[in-house]
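# curious how this folds, go ahead:
(chains A and B)
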Amino acid sequence: MNSALRVRVLLHEAGRTGVPVLLERLLEWARSGSGEPVEFDLVVRHGGALLPRLERWTSTTTVVEPGGRRSLSDAAAVGAALAGLPASTTDAIRSSRWRRLTRHLPRPDVVLVHGAGAWPLVRSVRSAAPIVLHLQELGVALDRSVPRPDQELMLRRCARVLTVGAEVSELARRRGAPADRIELLPGVADPHARTTLSEVAPNVVAAVGTPGWRKGADRFTALAHELGRTHPGTTCRWVGGAPGGTSSLAVGAEDPVEWAEATEDPWRHLADVAVLVVPSREDPLPLVALEAGQRGVPVVATESGGLNELLADGRGVVVPQGDLRALHRAVARMLDEPDGARRHGSALRARVEACHRVERVGPRWLRALRDAAAGTPPSAIEDGERLDA
Amino acid sequence: MHSGSYLEHPRRTEPTESRHVEELYGVGRIVLRGGTDHGFARVILGAMAAGPLTFVGHDASRTGAPMVLRSLLSWARARRVLGDASLVLLRGGPLLEDFRSLLPTTVLDTRVRRIATGIAAGLRAVAPMAGERPAFRRFPPAARLHGTVVANTLAALPVAAGLCHRSATLICHVHELDGVAARILPRPEDRREAVGRVDHFVACSAGVRSMLVDRWAAPDSKVSVVHEFVDRPSQRVSREDARRRLGSDQRTHVVLGVGAAGPRKGTDHFLSLAATIEEGRTGPRATWVGGDPGSAAWQEMRHDVEKCGLNERVTLVPTIDDPGIHLAAADLLVTTSREDPYPLAVLEAAVRGIPVAGFGGSGWAEMATEAGCDDLVHPVGDVLGLARSVEELLGSSERRAGVGDRLAAWALAERTTETAAPLFWETIGMAV
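From the prediction side, this is the model:
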């Protein structure tokens, strides 16, 4: 019997988005289904709606930035930045507070940085425990999380870089991660999904996510306008809230999309969906595509991250980035040919069942953490073999 | 001599200026749209007698509202009706020297002030119990202005209102629609205060008027519409010359977009359009002018260009002093804004006879109706519908010329500084 592995998990925020949701699925499996002794101390920079669920699987949870207002040190850091002081000053102010808040935590065997957005929290860790980075970002998101000049330093400092798809692996290599430390870890489907839909309507097209540039809400809107002409009566629904801020439409502007608020279970709004569209510009491996697969819902996506692999060989349709006409043709075909659409959905369901169940992915994740803690080099298994194993 | 400090009031306008009024307008009268005949000279005289005139602007960037203000002030200075007016700017920018050449100009923003603002922001952040910061600012009584204060944008209004003495007349020239306005005056009580404190609003489009009257409950009588306007092009640069100067191919069609990079101006839509429109083997070129290469929005544009395989077809040009050369080189301007009350880029294209197509969430819908080009208006985000209009226009030089001529006839008759600035000036006078 192994001694309990102590993992310090660093997370940028605990909102109801892909990165925290994936963590929750892995934590739940590790604590309730793996049968292995493992303890997690979660340090999260900003709280969020998912925090209570994460807390169920961790030994301790520390939120280092209070919600709704700034901490005194954060305010001082903001003031310093506005006053034109160098970034190192603001970093030092913030990290001193984080270290103070996490001083009581047990020394970890390994530090898991869950998403590059959590990388700044590494400064809160006093010990020299090995670091595993679970990279879930593509280029633009990575650049926003960690300044480009610091990325190589980050990637070289990690004992392991777990990636959610081949494109992320390639990005990690290009940005400086040693190839032998990169390990592909597929996304995890929802372990509690109801795998059948109650009342599929032939004319409901949906997308899910935070509506904005990255998830391609503008492309979905363009698709909705065109479907309004070619397939009158089609409902185009986006689950995840309406565009806000500078992405809001002018008051009174014609809007062909139904914007539904983000909820704990987006599939409550998607019980009747005929086609799921993933029009993202950057999406390493959207969990919603896996969840669609669990329900046999056909998926049409733009080329991005792990979607190309997931939807290959008739498991869905992938169109080139920016090709709105191809996107419309693919969705229209799904609506016009429901038998073909069902075949895509069934093939995707089989793939998700084979490769993306937490029982398959979880052991690899835990092994990577344990190996990193023990200083064992990563095993040399090709990405493709890992996925199809 | 006016020192430029906002604590000092500009001198009162001397009535001798009045002798220029008839010289300026010839007959001394002007007929407003709708056929109302106003004694314009009388109105101007009345305004000048009411005390000094202070404009308050948010900055001196090369964006819509400051450009309109510069045109207005240049026109007024040339006709010697500006008197001793002065300008207070919250921040500087590339137009600052132009403004300084026209009238005494004070910039409030300084490094010390920025640091103070930073510290204040930090303190507010840790003391939420103090409540949200009110949008409207307070200044010491000694700093307050008499006469007439014109806030050139809603963004300048909170400071302009704070600077107003209670005897002063406060006018606000509104260039913003709901989305931007909500960021400046986020709370309903801020908007109510704006309606209560402003004596008269000048809306830059019917859409803005509708926001003020229908959604902010401003009394109808308190709101006038003076549409945005642009200067007549000082010289006509031919398409061929412009392309020679830019080193561009003479044969390939060029579709142009102009504005600060980001979702409000719809750069995402513009690049989707560029990826969609088809013409010949390679498709037309698309050029976007405007944006900061260090910004997140620029990074997103670069991403789209690369991932959509548009490197050979799309040119991104950061904000430049004079985008006129790009307008002259273009075959077509597209306006892809999600919200834009009355885009100046469209007027700049129109006065040059360049055809325009675009989304109706912007003032383009209003403009196209006025110019008789409704068929070139598409719902916001309808990229494929817009792409078909663009392809049709690119496919027919006659159609392009027809649309360009219609737009030019309308804009040159109704939306140039010579036509619109007197209306604006008269509105100020009538409000006073």
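
# from here on, just use CA atoms for contacts and neighbour counts.
Noted.

# could I get the average pLDDT for stretch A:97-112?
Average pLDDT, stretch A:97-112: 94.

# what about that stretch, how long is it end to end?
20 Å (C-alpha to C-alpha, to the nearest Å).

# just the residues contacting it, thanks.
Here stretch A:97-112 makes contact (C-alpha atoms under 8 Å, 6 or more residues apart in numbering or on different chains) with A:5-10, A:41, A:43, A:60, A:62, A:64, A:73, A:121, A:123-127, A:129-134, A:369-370, A:372-373.

# stretch A:145-164 too?
Where contact means C-alpha under 8 Å, 6+ apart, the residues beyond stretch A:145-164 that reach it are A:116-119, A:130-136, A:169, A:172, A:175-178, A:181-187, A:284-285, A:306, A:368, A:372, A:378.

# among these, which ones are in helices?
Filtering the contacts of stretch A:145-164 for membership in helices, criterion DSSP state H, returns A:Ser169, A:Ala172, A:Ala368, A:Ala372.

# show me what contacts the second one?
Contacts of A:Ala172 were listed using C-alpha under 8 Å, 6+ apart, and they are A:Leu155, A:Val161, A:Ile182.

# what do you get for A:Ala341?
Shown in contact with A:Ala341 (C-alpha under 8 Å, 6+ apart): A:Val275, A:Pro298, A:Met334, A:Leu335.

# among those residues, which ones lie close to chain B?
Contacts with chain B are made by none of those, judged by C-alpha under 8 Å from any C-alpha of the partner chain.

# looking at these, which one is closest to B:Asp249?
A:Met334 (41.8 Å; C-alpha to C-alpha).

# now that closest one: how far from chain B?
The gap separating A:Met334 from chain B is 19 Å, by C-alpha to the nearest C-alpha, to the nearest Å.

# element containing that residue?
Assigned by DSSP states H and E, A:Met334 belongs to helix A:324-336.

# centre of the chain to whatever helix or strand comes next after that helix, how far?
Reading on from helix A:324-336 to the C-terminus, the next helix or strand found by DSSP H and E is helix A:338-355. Distance of helix A:338-355 from the chain centroid (C-alpha atoms, centre = their mean, to the nearest Å) equals 22 Å.

# same thing with stretch A:4-19?
With C-alpha atoms, centre = their mean, you get 12 Å for stretch A:4-19.

# buried sites along stretch A:18-34?
A:18-31, A:34 (16 or more other C-alpha atoms under 10 Å in any protein chain shown).

# of those, which belong to helices?
Short answer: these in helices (DSSP H) are A:18-31.

# do you know how far A:Val275 is from A:Ala289?
A:Val275 is 11 Å from A:Ala289, by C-alpha to C-alpha.

# so what sits against both of these two?
Shared contacts of A:Val275 and A:Ala289, counting by C-alpha under 8 Å, 6+ apart, come down to A:Val299.

# circling back: quick one: which of the contacts of A:Ala172 has the most company?
Each of those was scored for neighbours by other C-alpha atoms under 10 Å in any protein chain shown, and A:Val161 scores highest at 28 neighbours.

# circling back: can I get the buried part of the contacts of stretch A:145-164 as one PyMOL selection?
Buried residues among the contacts of stretch A:145-164 (16+ other C-alpha under 10 Å), as a PyMOL selection:
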select buried, chain A and resi 116+117+118+119+130+131+132+133+134+135+136+169+172+175+177+178+181+182+183+184+185+186+187+284+285+306+368+372+378
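
# return the subset of the contacts of stretch A:145-164 lying in strands.
Of the positions in these, A:Ile131, A:Val132, A:Leu133, A:His134, A:Leu135, A:Ile182, A:Glu183, A:Leu184 sit in strands, assigned by DSSP state E.

# so what's the residue count around residue 56?
As the question left the chain open, I've gone with chain A. 14.

# my question was about chain B, not that one.
Neighbour count of B:Val56, defined by other C-alpha under 10 Å: 27.

# same question, A:Thr376
11.

# and it, what element?
Here A:Thr376 is assigned to no helix or strand, by DSSP H and E.

# where does it fall, phi/psi-wise?
phi -80, psi 130 (degrees, to the nearest 10).

# now A:Pro37
The phi/psi pair for A:Pro37 (degrees, to the nearest 10) reads phi -80, psi 120.

# just give the nearest non-adjacent residue to it, would you?
Nearest residue to A:Pro37 in three dimensions, chain neighbours excluded: A:Ala4, at 4.4 Å (C-alpha to C-alpha, 6 or more residues apart in numbering or on different chains).

# and that neighbour, how far is that from chain B?
Taken as C-alpha to the nearest C-alpha, the span from A:Ala4 to chain B is 40 Å.

# list the contacts of that residue.
By C-alpha under 8 Å, 6+ apart, the neighbours of A:Ala4 are A:Glu36, A:Pro37, A:Val38, A:Glu39.
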